[in-house]
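Participant: Attaching a predicted model along with its sequence, questions to come.
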Amino acid sequence: MLQYAAIILFMIGLYGLLTQRHVIKIIISLNILEMGLNIFIVSVGYFEGGLAPIFTSTNNTNALAFVDPLPQALVLTAIVIGVGTTALGLALARKIYAEYGTLNLDEMGEE
């Protein structure tokens, strides 16, 4: 069920990325797309009734009962990269506004 929500978020972000002509809206759409992708990756590594991947004296069952920790680690890395990408995009948007006086891509070439 969570995978469907992630796919919907991904599609909303992709639609906004392809249809918007405003730089800030493109950056927001890229963040929505990334959030959907991150949720999808985490949901692939999860299964109902899975245990945390930590071995303890009370939790020494077979290895098949544990949730895969690799997708969670990859998503944490992707979140950090996404924050950096967003900061770079916003800095570029600020420079574009200072240069052209607008953030609309259609109005930038007209001087």
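Facilitator: All right, it came through fine.
Participant: pLDDT wise, what is the residue nearest the centre of the chain at?
Facilitator: Taking Cα atoms, centre = their mean as the criterion, residue 34 is the residue nearest the geometric centre of the chain, at 2.1 Å. Residue 34 is assigned 96 on the pLDDT scale.
Participant: Kindly report the same for the one 3 residues further on.
Facilitator: For residue 37, the pLDDT comes out at 95.
Participant: Surely it and residue 6 touch.
Facilitator: Yes: if you go by Cβ atoms under 8 Å, residue 37 and residue 6 touch, sitting 7.4 Å apart. All C-beta spots, glycine's among them, are computed from the backbone N, C-alpha and C.
Participant: quick one, what contacts the closest residue to residue 52 other than its chain neighbours?
Facilitator: In this structure, residue 52 finds its nearest non-sequential neighbour in residue 67, 6.8 Å apart by Cβ to Cβ, 6 or more residues apart in numbering. Residues near residue 67 by Cβ atoms under 8 Å, 6 or more residues apart in numbering: 45, 46, 47, 50, 51, 52, 53.
Participant: show me where this protein has helices.
Facilitator: Secondary structure of the chain by DSSP state H: the helices cover 2-19, 23-44, 70-100.
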